[in-house]
Structures are given as structure tokens and as C-alpha cells.
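Asker: turn this into a structure:
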Amino acid sequence: MTTEKTNYTQIKKRNRGFALWRALSKAFMVACIAAATVWAQDSMAQRSNKEGKYALFEDKLPAGAKWSTEENVERDGGAGNSKKYIYLNPDLSPANLTGMSLRIRENPGPGEYRYVTFKWIAWGGDRLGLRFLTSSKGKGSKFNYTYAAGKMDSLLSGLQIDETAPGNWITVTRDLWKDFGDFTLTGLSFICPDRRDAGFDDVFLGQTDKVFDNSPGVLPTKVAQPIAVKEAELTLDDLDAPAKGGSTTNDTALAEGNDSTIAGAYEEGIMADENGEDPEDALKVDWVEQIRSGGVWMYPLYVLGFFAIVITIIRAILSRRGRLAPKKMREEVRLALATNDIDAAIAACEERPSTLSESLKYILEHRHADRDIVSQVSGDMAGREIREQLDKIYPLSVVASLGPLLGLLGTIVGMIEAFGLVAIYGDEGGSSLLSNSISLALITTAAGLVIAIPAITIYFYLKRSIKGTATIMEEELEHALTMVYLYKQADEKEQRLLTEASAEEDQEEQATNHESPETNPESNEN
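Answerer: Next comes the predicted model:
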């Protein structure tokens with residue numbers, strides 16, 4: 001009856017383990033399907049944004065954006081061939097454009113950007129600014145996420161990119177990430193604090209500065225170097241070939257615009273010094289941001305990592321030696337068996353239930369049965385539990401195998417997308433996009449290895465621990481069998497000796513009784 005009950009308990013435990021494994025497998029499949037869906041959406045978004053730029057304002061507002069002011073700040077005209085521009089005066093300042101959610105990153109992926117270009121002008125004013133609205137509190141906080149031209153004071157503070165406000169339409173292109181770091185752009189604030197008018201036009205975000213070449217109007221080819229433009233008198237051809245015949249008018253236009261050119265157009269090294277940025281900091285890798293930029297293939301790896309953590313915690317608790325073969329119980333059973341106190345040994349097993357205690361209890365309760373049968377059954381009970389424990393840590397080995405494979409798959413897909421971008425952009429930023437895309441693609445392989453290495457290490461540690469516990473259980477069962485059956489043999493031998501001694505006494509008594517009539521003949525004669 002006890003054996004049947006034990007087998008039922010083992011089967012029940014195994015069924016619960018299988019149910020847990022099926023539930024975790026279903027959760028993993030759901031996570032993979034969700035990751036595939038997100039990947040498909042991102043792929044569609046990437047195909048719909050092949051140019052790698054986003055218009056924050058180009059004659060009209062982007063989808064979802066809206067003005068927070070009730071006054072109309074859009075006017076007809078603008079820089080170059082623009083149909084509309086943003087007009088401001090002190091009464092309309094600041095004009096906030098909200099309803100956006102765009103990430104600024106060092107290595108932009110789909111829907112992420114790094115560079116910004118815009119045009120602005122101050123009609124008689126001394127200063128103006130462009131603020132990027134965000135809830136982030138990062139590197140750009142010290143500049144209030146603001147580009148400013150003119151004198152700085154309490155009314156206008158930020159990263160000063162010109163000492164005077166531009167009197168003509170000026171196109172400015174900046175490395176937004178280098179100036180302000182990682183942040184999520186939620187809107188724009190156009191600022192005109194002076195008692196004069198100002199204008200803004202053609203505000204674009206780009207993944208590289210090369211994508212701005214095809215935008216309306218005259219745009220710079222060098223990042224962080226503003227170019228003065230006199231409206232309607234300077235074209236892109238004039239900049240590319242100023243020495244052509246008939247360029248006298250263009251030279252005059254450039255001469256007239258020199259006074260409004262941003263003084264001493266900043267070189268990259270100078271800008272780095274003004275921002276207080278150590279050149280060595282630019283070489284440091286933000287691993288958290290790199291992992292976030294790993295793409296949709298990171299989601300299955302997140303699931304694998306979470307799965308490995310759950311399995312590790314559960315197995316570390318349920319497969320520990322103190323649960324399978326408690327040391328205190330082993331000591332009490334050995335002490336009881338040393339004095340042949342079977343009842344005390346059984347009580348110690350019942351007080352601390354475990355796999356070993358169940359096997360020991362079976363030996364003690366069936367000590368009168370054949371030794372070979374008892375040894376076989378008790379060993380099977382312990383061995384069955386050990387095999388079950390080894391099966392339950394096997395998922396860690398599966399995680400260690402799947403992690404690098406999924407990471408490699410993500411890298412291969414990323415490489416395919418990277419070369420696809422090069423095919424789209426060609427020489428215009430192709431090499432930069434290729435290096436950034438490869439860097440992001442390799443993140444999935446690195447993440448897979450980061451998951452696999454601890455998982456396989458923990459797997460072999462737990463496996464060794466369980467096998468060590470199995471060795472201890474085998475020793476304890478063998479010791480218990482030896483002690484129980486030694487005492488049993490000693491009792492049988494003692495019982496046999498007592499029986500033999502009793503038989504000899506009976507024989508002697510019988511012999512004495514037979515001799516009694518011969519030794520007393522007188523009594524017979526009488």
C-alpha cells in the first residue's frame with residue numbers, strides 16, 4: 001500500500017512538471033508570434049520611410065501634430081520656394097508644436113533620427129531660439145534642449161550657435177544627438193523674445209546629414225556649419241559652382257549675406273570643446289541604448305532570458321540538497337541506527353520529509369523482507385526522483401542552445417537590411433548607414449551569448465549538484481541497508497543460539513528424568 005501511494009505521489013509531481021513546461025512553451029510561442037508581428041510592422045515603417053528623414057514642418061504640419069496656441073502662426077511665403085513658414089512676434093512667442101514622439105539616438109534605427117536642419121530669420125530682432133520639447137532629463141538639460149542665436153539672458157538660454165540673430169534666412173544643420181544626447185522629441189517650441197518679428201521654415205529630422213540634400217531650399221553639406229542664404233537670390237547650383245560664367249550676381253548675393261553669416265562657422269572640434277564634451281566620451285558605448293536598439297529580434301531573447309531566470313530560481317529552490325537529502329535527518333537516522341532504534345529512525349524520516357527520507361522509511365518499514373527486493377525498490381524510488389530533477393533543469397540547456405542561434409538569426413536579418421539600405425542610399429551616407437546597421441545587428445548575437453553563457457553555466461552547476469546529492473543518497477541507503485540487516489542477522493543469530501541453548505537444556509532435563517529411577521532402587525523395592 002505504501003509503495004502504491006509513493007508511486008501515485010511521484011506520478012502526480014511529474015504531471016505538474018509537464019503542465020508547467022507546457023504553459024511555459026505556450027508563453028514562449030506567443031512571445032515569438034508577437035515579436036514577428038512587431039518586426040513586420042517595423043519593416044513596413046522602414047519601407048515607408050526609405051529617405052531616412054522626417055518633416056517636422058514643410059509647408060504643413062506632420063500627421064498628428066498640432067499647435068498649442070490659438071493664434072495662427074503659419075504665413076504664406078518663406079525661405080526659397082516654400083509655400084508657408086512659421087511667423088512669430090513677441091505676442092505669439094513661444095509657439096509650441098506638439099503631438100510628436102520621435103526618438104533621437106546615436107545609431108538611429110527605423111523611426112529614429114540623429115540630425116536636424118532648419119531655417120530661421122530675425123527681422124530686426126537681437127535673438128531667437130528653437131527648443132525641442134521633451135520629458136527627458138539627460139545631457140541636453142544644461143542647454144534646456146534649445147538652440148539659440150543672439151545674446152543669452154533669463155528670457156532666452158540654450159546652446160548658442162551664433163552671437164547675433166540672422167538678418168537673412170539662414171539654414172542650420174546640427175548633430176542633434178551630439179549636442180543633446182538621447183531623448184524623445186515630443187514637440188517644438190519656436191521662441192522670439194524681442195519686440196520684433198521672426199520666422200522659421202523647413203524643419204527636418206534625418207538619420208544622417210546626407211539625406212537633407214534633396215530637401216527644399218539650400219541646405220549645408222557639413223554638419224554644424226550654418227550657411228547664410230539670401231532669399232530668392234542663391235540656389236544650390238550657385239553654391240556648387242560659384243566660378244561659372246554669369247556668377248557676378250551670385251557673388252554679390254554672397255557678399256551681401258556675409259554680414260548675416262554665423263560668425264566663424266564652428267568646426268566640429270571647437271563645438272566639442274564648447275559643449276564640454278571629452279573626446280574620449282564619444283568613444284564610449286552606451287550598452288543600454290545599444291540593447292534597446294537591437295530591434296524586434298531582441299524580444300525572443302528577452303523571453304529566453306526571463307525563462308532562464310525563472311527556471312534557475314525554481315530549480316535552485318526545489319533541487320537543493322537540503323530539500324532532497326536534509327543533513328539533519330541523515331545525522332539523526334545514522335545515530336538511531338547505531339543503537340538499533342528503528343522507531344527513532346522512522347520518526348526522524350517522518351519529521352523531515354524528503355526523497356531520501358521516503359526511501360529510508362521504506363527500508364526501515366520493510367526490514368523483515370528480502371534484502372535484495374528492499375534494496376531494489378528503495379534505489380528505484382531515489383533514482384526516479386534524481387532523474388526527474390535532471391529533466392527539470394534540461395530547459396536551461398535548451399536556452400543555452402537557442403540563445404546564440406536566435407541572436408545569429410537577428411544578426412543575419414540585420415545585415416540583409418543593412419545592405420538593403422546601402423542599395424537605397426548609394427554613396428550618400430551608405431557607408432555610415434552600413435556601419436551603424438551592422439553594429440546594431442551584432443547586438444542580437446551579443447545578447448544571445450550573454451543569455452547562453454550564464455544559462456549553460458547554471459545548468460552544469462545544478463547538474464553537478466544533483467549528481468552529488470544522488471551519490472550521498474546512495475551512500476545513505478547503502479548504510480541503512482547494511483545496519484538494518486546486520487542487526488537483523490545479529491538478532492537471528494542470537495535467537496538461533498537461544499533456541500539451541502533452550503533445546504540443550506530440554507535434552508539435559510529429559511536425560512535427568514530418565515536417570516532418576518536407576519539411581520534410587522530402594523524406593524522401587526518398597
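
Asker: low-scoring stretches of the stretch 51-200 of the chain, by residue?
Answerer: 51, 154-155 (pLDDT under 70).

Asker: how about the strands in it?
Answerer: Here the stretch 51-200 of the chain has its strands, by DSSP state E, counting those that start in this stretch, at 53-57, 66-67, 74-76, 84-88, 95-104, 112-113, 115-123, 127-133, 146-150, 159-162, 170-175, 183-191, 197-206.

Asker: now these as a markdown table including distance to V399?
Answerer: C-beta: built from backbone N, CA, C; applies to glycine. Below are the strands of the stretch 51-200 of the chain laid out as a markdown table (distance: least, Cβ to Cβ, whole Å):
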| stretch | distance to V399 |
| --- | --- |
| strand 53-57 | 39 |
| strand 66-67 | 47 |
| strand 74-76 | 56 |
| strand 84-88 | 54 |
| strand 95-104 | 30 |
| strand 112-113 | 30 |
| strand 115-123 | 40 |
| strand 127-133 | 42 |
| strand 146-150 | 47 |
| strand 159-162 | 47 |
| strand 170-175 | 40 |
| strand 183-191 | 33 |
| strand 197-206 | 39 |
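
Asker: would you list these in TSV and tack on distance to V413 and mean neighbour count?
Answerer: Below are these laid out as TSV (distance: least, Cβ to Cβ, whole Å; neighbours: other Cβ atoms under 10 Å):
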stretch	distance to V413	mean neighbour count
strand 53-57	24	21
strand 66-67	37	14
strand 74-76	42	13
strand 84-88	41	22
strand 95-104	21	18
strand 112-113	18	22
strand 115-123	26	24
strand 127-133	32	24
strand 146-150	37	23
strand 159-162	38	20
strand 170-175	28	22
strand 183-191	26	21
strand 197-206	24	24
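
Asker: report the contact partners of W123.
Answerer: 167, 196-199 (Cβ atoms under 8 Å, 6 or more residues apart in numbering).

Asker: same deal with L481?
Answerer: 363, 371, 374-375, 378.

Asker: let's see 6 Å
Answerer: By Cβ atoms under 6 Å, 6 or more residues apart in numbering, the contact list for L481 reads S375.

Asker: and the residue nearest to T69 when sequence neighbours are not counted, bridged to which residues?
Answerer: Nearest residue to T69 in three dimensions, chain neighbours excluded: A95, at 5.4 Å (Cβ to Cβ, 6 or more residues apart in numbering). With DSSP bridges as the criterion, A95 is bridged to F190.

Asker: if I look at A95, how far off is A441?
Answerer: A95 is 41 Å from A441, where distance means Cβ to Cβ, to the nearest Å.

Asker: same check on T146?
Answerer: 35 Å.

Asker: next: A348.
Answerer: Distance, A348 to A441, using Cβ to Cβ: 60 Å.

Asker: and S359, helix, strand or coil?
Answerer: Look at S359: counting by DSSP: H, G, I helix; E, B strand; the rest coil, its state is helix.

Asker: what about the helix or strand that contains A347, average pLDDT?
Answerer: Here A347 sits within helix 342-351, counting by DSSP states H and E. Averaged across helix 342-351, pLDDT comes to 89.

Asker: in it, what's buried?
Answerer: For helix 342-351, the buried set under the neighbour-count rule, 16 or more other Cβ atoms under 10 Å, comprises 342, 345-346, 348-349.

Asker: ok, now which ones touch K84?
Answerer: 59, 74.

Asker: what about it, distance to D201?
Answerer: K84 is 8 Å from D201, by Cβ to Cβ.

Asker: same deal with E112?
Answerer: For E112, the distance to D201 - Cβ to Cβ - is 24 Å.

Asker: and what of K467?
Answerer: Distance from K467 to D201, by Cβ to Cβ: 73 Å.

Asker: residue ranges with poor pLDDT in the stretch 301-450 of the chain?
Answerer: 421-437.

Asker: in it, which spans are helices?
Answerer: 321-324, 327-338, 342-351, 355-365, 371-425, 430-515 (DSSP state H, counting those that start in this stretch).

Asker: looking at the ones you listed, which is buried most?
Answerer: Highest mean neighbour count of these: helix 355-365, a mean of 23 (counted as mean count of other Cβ atoms under 10 Å).

Asker: other SSEs contacting that one?
Answerer: helix 342-351, helix 371-425, helix 430-515 (3 or more Cβ pairs under 6 Å, 6 or more residues apart in numbering; DSSP states H and E).

Asker: which one of those lies nearest to L61?
Answerer: Counting by Cβ to Cβ, L61 lies closest to helix 371-425 out of these; the figure is 26.8 Å.

Asker: tally of neighbours for H366?
Answerer: 17 (other Cβ atoms under 10 Å).

Asker: list the contacts of L406.
Answerer: Counting by Cβ under 6 Å, 6+ apart, L406 has contacts 300-301, 448.

Asker: my read is that I121 contacts T171, right?
Answerer: No: I121 is not in contact with T171 according to Cβ atoms under 6 Å; the separation is 10.5 Å.

Asker: show me the domain layout of the protein.
Answerer: Domain segmentation of the chain under automatic domain parsing yields 53-284, 305-490.

Asker: just send those back as TSV, with distance to E508 too.
Answerer: Formatted as TSV, the domains of the chain follow (distance: least, Cβ to Cβ, whole Å):
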stretch	distance to E508
domain 53-284	103
domain 305-490	27
